[in-house]
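>>> Just the structure for this:
(chains A, B, C and D)
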4 protein chains.
Amino acid sequence: MIILNGGSSSGKSGIVRCLQAVLPDPWLAFGCDSFVDALPARMRASDEGIVFAADGGVSVGAEFRALDAAWAKGVATMARSGARVVIDDVFLGGAASQRRWQEAVGDLDVLWVGVRCERAVAEGREIARGDRVVGMAASQAEAVHQGVRYDLEVDTTHTESLVCARAIAARVR
Amino acid sequence: MIILNGGSSSGKSGIVRCLQAVLPDPWLAFGCDSFVDALPARMRASDEGIVFAADGGVSVGAEFRALDAAWAKGVATMARSGARVVIDDVFLGGAASQRRWQEAVGDLDVLWVGVRCERAVAEGREIARGDRVVGMAASQAEAVHQGVRYDLEVDTTHTESLVCARAIAARVR
Amino acid sequence: MIILNGGSSSGKSGIVRCLQAVLPDPWLAFGCDSFVDALPARMRASDEGIVFAADGGVSVGAEFRALDAAWAKGVATMARSGARVVIDDVFLGGAASQRRWQEAVGDLDVLWVGVRCERAVAEGREIARGDRVVGMAASQAEAVHQGVRYDLEVDTTHTESLVCARAIAARVR
Amino acid sequence: MIILNGGSSSGKSGIVRCLQAVLPDPWLAFGCDSFVDALPARMRASDEGIVFAADGGVSVGAEFRALDAAWAKGVATMARSGARVVIDDVFLGGAASQRRWQEAVGDLDVLWVGVRCERAVAEGREIARGDRVVGMAASQAEAVHQGVRYDLEVDTTHTESLVCARAIAARVR
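Alright, predicted model coming up:
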């Protein structure tokens, strides 16, 4: 199992697709985006669910956290059942978010990867992609890494997704 | 847990979104589409993965089936961990596909729902949505239901998604 | 040239795709959705652009109207230059919106089509599609038809998109 | 009017969204992608329309070219009617494609911009985005620029979309 953590517009999804292309075995890819898509529409804008504020702030409620914990346990079961799984997530809670994953995965072998991108560059990419609330990239760029421990860090500021993916793939047995 | 089975363009996704809207508790929605999205791009057109033929036929290989089985076990774990989960799937193997789910869910409480739609109507909706290989609706309309046992069946031919969803919701405790 | 007018979730886009499938000649399809996609992101939520209120109301500003008028003239030029063009639009201003199109198309031969759908059914389909602000279907269902004159009206409440498309195609020389 | 030309995955769309964000006036954005979306589904895979070969090659037929010419004239009319318009296109025919646009725009004031990206980098980004036939980036990287004359060229290989957009915006009066 590989778990990538990085702020919005840091380039996680591109790295995941490249990882799926360069790794010889098939890997399933899930992440915070696919989890949010699985929620009822009303939870995507409610205090109990997830709220994307106009300034780019993101906050989540108790129901979101409960479903998220169940989801993480399910993903761990997929890995335990023989599927290779790569996750891209945004650790809004920093070290606390990592602990939540550690509880879910237990003794599974996990490669922890930090995906960094300079704040100003991530902000520009957020404008270029055009499908995110402007401000998320800036507010998450550093916060999501606080207190998190990684096996490997990549930085997309000056390095292409495919090159980052190859560096990660080299660490996968 | 609710598991919906029906052919392509029978209206499963619309029913799922309506279910998420009418059920008072939050339900996570997953399905064959989100599973296929999680696969490496190369498996979406390979003999080991899933092949969408030009005539609408769909065939899956050994690797697809192995990942699919792991995925189903993971989804069952989510339900066992407290999340309400609704699945929309296409039982390409009919009764055999149902057995695969039965093994994954074990003694979990599942509401099995068949989603039917007359072949000619599903074919028209396939043209109207415009994002599917034409022919899938016709080839799956009846085949996916062969030998499958349901707690409830709905038919979208003359009934709106929201009305079907309310009938299903009435069966959820 | 064919111009369809109907409220949100009345089924216009599905009819357009079916029209493109059943008409023997190739027709280009444009509409209010593709126009809004062409706007700068900031105009999709500004008083000068277009505002989608939380209750489903939609209002447009002066800049939106100016660009919209230029766009309609351009689309008319495509038709005058030999392309067959089908438009799906939402006449937020009713008869006034039709006059704007009449000015743009001049003496071009246009088939005016009203796409109706009972309010309650359109509201259900809005929930089922899941990608629109809930409330648009209800607020537009009747308002967009006020004072508008059609060559043909179709009603998707009980009639499939493909059947509606065939009725329209029968009126195209 | 601004016309950008560059190969697939060279970063045109990102530059366009950044241009719309940094230019003070509202600009409408159209391009080869929105044109192809306007075609009947059957033309997206036919000899008379446009064919995306498995090796990344793209070929277009007579009907495609006729509709494309009418579309370009319509876009020019939008600009003549007061709308600022930015186009991103792929000049599959190199200099011949530019001449087609020159005929359509006539004496309109156009800023011609070449968007370059080193072939290997564009190939990597094609994998990272995951929604294009692999091979298009490589086959178009240099070919689309042959014989084309620009007012300005940008290169996304080592320069972010937003920075390229600012360089272009500086040339707009």
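
>>> hey, where'd the strands end up in chain A?
Counting by DSSP state E, chain A has strands at residues A:2-6, A:27-31, A:50-52, A:58-60, A:84-89, A:111-116, A:152-155.

>>> Alongside chain D, which residues does chain A contribute?
By the rule CB under 8 Å from any CB of the partner chain, the part of chain A lying against chain D is A:11, A:14-15, A:17-18, A:21, A:121, A:124-125, A:127-130, A:158, A:160-163. Using the backbone N, CA and C atoms, a C-beta is placed for each residue, glycine as well.

>>> CSV for the strands of chain A, including mean neighbour count and mean pLDDT?
Formatted as CSV, those follow (neighbours: other CB atoms under 10 Å in any protein chain shown; pLDDT from 0 to 100):
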stretch, mean neighbour count, mean pLDDT
strand A:2-6, 26, 98
strand A:27-31, 23, 98
strand A:50-52, 18, 89
strand A:58-60, 16, 90
strand A:84-89, 24, 98
strand A:111-116, 21, 98
strand A:152-155, 18, 98
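
>>> Which one of those strands lies nearest to chain C?
Comparison of those against chain C by CB to the nearest CB identifies strand A:50-52 as nearest, at 13.0 Å.

>>> quick revisit: got the strands of chain A as JSON lines, with distance to B:Ala104 columns?
Output for the strands of chain A, formatted as JSON lines (distance: least, CB to CB, whole Å):
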{"stretch": "strand A:2-6", "distance to B:Ala104": "24"}
{"stretch": "strand A:27-31", "distance to B:Ala104": "15"}
{"stretch": "strand A:50-52", "distance to B:Ala104": "28"}
{"stretch": "strand A:58-60", "distance to B:Ala104": "28"}
{"stretch": "strand A:84-89", "distance to B:Ala104": "16"}
{"stretch": "strand A:111-116", "distance to B:Ala104": "27"}
{"stretch": "strand A:152-155", "distance to B:Ala104": "33"}
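
>>> circling back: list only buried entries from the residues of chain A next to chain D.
Buried by 16 or more other CB atoms under 10 Å in any protein chain shown: A:11, A:14-15, A:17-18, A:21, A:121, A:124-125, A:127-130, A:160-162, out of the residues of chain A next to chain D.

>>> Next, the buried residues of the lengthiest helix in chain A.
Ordering each helix of chain A by length in residues (DSSP state H) puts helix A:62-80 first. Across helix A:62-80, burial judged by 16+ other CB under 10 Å covers A:63-64, A:67-80.

>>> List, out of those, those positioned next to chain B.
Contacts with chain B are made by A:Glu63, A:Leu67, A:Ala69, A:Ala70, A:Trp71, A:Lys73, A:Gly74, A:Val75, A:Ala76, A:Thr77, A:Met78, A:Ala79 out of the buried residues of helix A:62-80, judged by CB under 8 Å from any CB.

>>> Correct me if wrong: the fifth one contacts B:Thr77.
In this case it means A:Trp71. No: look at A:Trp71 against B:Thr77 with CB atoms under 8 Å: they stay out of range, at 9.5 Å.

>>> Select, out of the strands of chain A, the one closest to D:Gln140.
The closest of these to D:Gln140 is strand A:27-31. By CB to CB, the value is 27.4 Å.

>>> Could you list every helix and strand in contact with the closest one?
Contacting strand A:27-31 under the criterion 3 or more CB pairs under 8 Å, 6 or more residues apart in numbering or on different chains; DSSP states H and E are the following elements: helix A:12-22, strand A:84-89, helix B:32-38, helix B:62-80.

>>> do that again at 6 Å, thanks
Identification of packing neighbours for strand A:27-31 by 3 or more CB pairs under 6 Å, 6 or more residues apart in numbering or on different chains; DSSP states H and E yields strand A:84-89, helix B:32-38.

>>> Pipe the ones you listed into JSON lines and attach distance to A:Val172 per row.
Conversion of these to JSON lines gives the following (distance: least, CB to CB, whole Å):
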{"stretch": "strand A:84-89", "distance to A:Val172": "9"}
{"stretch": "helix B:32-38", "distance to A:Val172": "18"}
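
>>> Ok, which of these comes nearest D:Ala38?
Nearest to D:Ala38, of all the helices and strands packed on strand A:27-31, is helix B:32-38, at 25.3 Å by CB to CB.

>>> Could you list the residues in contact with that closest one?
Helix B:32-38 has contacts (CB atoms under 6 Å, 6 or more residues apart in numbering or on different chains) with A:Leu28, A:Ala29, A:Phe30, B:Trp71, B:Asp89, B:Val90.

>>> Who are the contact partners of the last one?
Right, the one you point to is B:Val90. With CB under 6 Å, 6+ apart, B:Val90 has these contacts: B:Cys32, B:Val144.

>>> Relative to chain A, how far out is it?
According to CB to the nearest CB, to the nearest Å, B:Val90 and chain A sit 18 Å apart.

>>> Touching stretch A:73-87 from outside, list them.
A:1-3, A:16, A:19, A:25, A:27-31, A:104-105, A:108, B:67, B:70-71, B:73-75, B:77-78, B:81.

>>> May I have it as CSV, with CA atoms only?
Provided in CSV are the C-alpha atoms of stretch A:73-87 (Å, rounded to 0.1, in the frame of the first residue of the first chain):
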residue,chain,number,x,y,z
LYS,A,73,-10.8,0.4,7.2
GLY,A,74,-12.4,-0.9,4.0
VAL,A,75,-9.5,0.3,1.9
ALA,A,76,-7.1,-1.5,4.3
THR,A,77,-9.2,-4.7,3.9
MET,A,78,-8.8,-4.4,0.1
ALA,A,79,-5.0,-4.4,0.5
ARG,A,80,-5.2,-7.3,3.0
SER,A,81,-7.2,-9.2,0.4
GLY,A,82,-4.5,-9.1,-2.1
ALA,A,83,-5.1,-5.8,-4.0
ARG,A,84,-2.3,-3.3,-4.3
VAL,A,85,-3.7,0.1,-3.3
VAL,A,86,-2.4,3.6,-3.7
ILE,A,87,-4.2,6.4,-1.8
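
>>> so how far is stretch A:79-90 off the chain centroid?
A distance of 12 Å separates the centroid of the chain from that of stretch A:79-90, by CA atoms, centre = their mean, to the nearest Å.

>>> that older thread, the helices and strands packed on strand A:27-31: which one's closest to A:Ala169?
strand A:84-89 (10.4 Å).

>>> how far off strand A:27-31 does that closest one point, in degrees?
20 degrees (axes from the mean of the first three to the mean of the last three CA atoms, to 10 degrees).

>>> So what are the sheet partners of strand A:84-89 and their directions?
Strand A:84-89 has the following strand partners under DSSP bridges: strand A:2-6 (parallel), strand A:27-31 (parallel).

>>> now these in JSON lines, with distance to C:Arg100?
Putting these into JSON lines (distance: least, CB to CB, whole Å) gives the following:
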{"stretch": "strand A:2-6", "distance to C:Arg100": "47"}
{"stretch": "strand A:27-31", "distance to C:Arg100": "44"}
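
>>> Please name whichever of these is nearest to A:Ser139.
A:Ser139 lies closest, by CB to CB, to one member of the strands paired with strand A:84-89: strand A:2-6, at 13.3 Å.

>>> circling back: ok, so of the contacts of helix B:32-38, who is nearest D:Ser59?
Of these, the one sitting nearest to D:Ser59 (CB to CB) turns out to be A:Ala29, at 32.5 Å.

>>> if I read this right, the closest one contacts A:Arg17, doesn't it?
No: the pair A:Ala29 and A:Arg17 does not pass the contact test of CB atoms under 6 Å, sitting 7.6 Å apart.

>>> which residues touch A:Leu23?
By CB under 6 Å, 6+ apart, the contact set of A:Leu23 is A:Ala169.

>>> Filtering the residues of chain A next to chain D by proximity to chain C, which remain?
A:Gly130 (CB under 6 Å from any CB of the partner chain).

>>> does the spatially most central residue of chain A have beta-bridge partners, and which?
Among the residues of chain A, the one closest to the centroid is A:Asp89, at 1.6 Å (CA atoms, centre = their mean). Counting by DSSP bridges, A:Asp89 is bridged to A:Asn5.

>>> Okay, it and D:Gly61: tell me how far apart.
Distance of A:Asp89 to D:Gly61, computed by CB to CB, to the nearest Å: 46 Å.
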